[in-house]
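**Student:** Build me a model from this:
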Amino acid sequence: MRVGEELRPLEVPITRTLIVAGALASRDYQDVHHDPEAARAKGSPDVFMNILTTNGLVGRYITDHFGPTAVLRKVAIRLGAPNHPGDTMVLRGTVETVDGDTAVVRVLGENGRGRHVTGTVTVTVPEGERDVRTGGGAG
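**Tutor:** Model (predicted):
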């Protein structure tokens, strides 16, 4: 882990199934996350992803990079442009600070409408346990 290190981008195809399953898994039964007609009646062109699904995808992005021993200490995100079925969200990250085995990573997720998610993730990776297969090699 080093300041300025860029994480490899991750493309996430946004499907209707991902949106609905994420909402159900997080017990978010708001109709705008599973009912296209209700979403349109409320001004959206279609159903859209909830913040808890986005939060999970951001966490996956970080742990995919830093490996299975990575521990998410803090996830602070803000949503912007919605993710709708048919979109592709591209997550990118840059290490902002490193203090021992803990780093703060700035995360950005964009789709064709703009920035879907921005924020930071604080992650701890025990130095002796970094997994070089995932890009989080020791050093």
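**Student:** What count of nearby residues applies to the nearest residue to residue 29 once chain neighbours are set aside?
**Tutor:** In this structure, residue 29 finds its nearest non-sequential neighbour in residue 23, 7.3 Å apart by Cβ to Cβ, 6 or more residues apart in numbering. To be clear about C-beta, it is placed using only N, CA and C from the backbone, and glycine gets the same treatment. Counted with other Cβ atoms under 10 Å, residues neighbouring residue 23 total 22.
**Student:** Please apply the same query to residue 52.
**Tutor:** 15.
**Student:** and the nearest residue in space to it that is not next to it in sequence, what does it touch?
**Tutor:** Take residue 52 and drop its neighbours on the chain: the residue closest to it by Cβ to Cβ, 6+ apart is residue 26, 3.8 Å away. Shown in contact with residue 26 (Cβ atoms under 8 Å, 6 or more residues apart in numbering): 50, 52, 53, 56.
**Student:** Show me the contact partners of stretch 103-123.
**Tutor:** Contacts of stretch 103-123 (Cβ under 8 Å, 6+ apart): 1, 7, 12, 14, 49, 54, 57-59, 61-62, 66, 70-83, 87-97, 102, 125.
**Student:** Export stretch 43-63 to CSV, keeping only CA atoms.
**Tutor:** Extracted in CSV, the C-alpha atoms of stretch 43-63 (Å, rounded to 0.1, in the frame of the first residue of the first chain):
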residue,chain,number,x,y,z
GLY,A,43,-40.3,10.6,-11.8
SER,A,44,-37.6,8.0,-12.5
PRO,A,45,-37.3,6.3,-16.0
ASP,A,46,-37.0,2.9,-14.3
VAL,A,47,-36.1,1.2,-11.0
PHE,A,48,-32.8,2.3,-9.5
MET,A,49,-30.1,0.9,-7.2
ASN,A,50,-30.3,1.5,-3.5
ILE,A,51,-27.4,2.9,-1.4
LEU,A,52,-26.9,-0.4,0.5
THR,A,53,-26.3,-2.3,-2.8
THR,A,54,-23.8,0.4,-3.8
ASN,A,55,-22.2,0.2,-0.4
GLY,A,56,-21.7,-3.6,-0.9
LEU,A,57,-20.2,-3.1,-4.3
VAL,A,58,-17.8,-0.6,-3.0
GLY,A,59,-16.8,-3.0,-0.2
ARG,A,60,-16.3,-5.8,-2.8
TYR,A,61,-14.1,-3.5,-4.9
ILE,A,62,-11.8,-2.8,-2.0
THR,A,63,-11.6,-6.4,-0.8
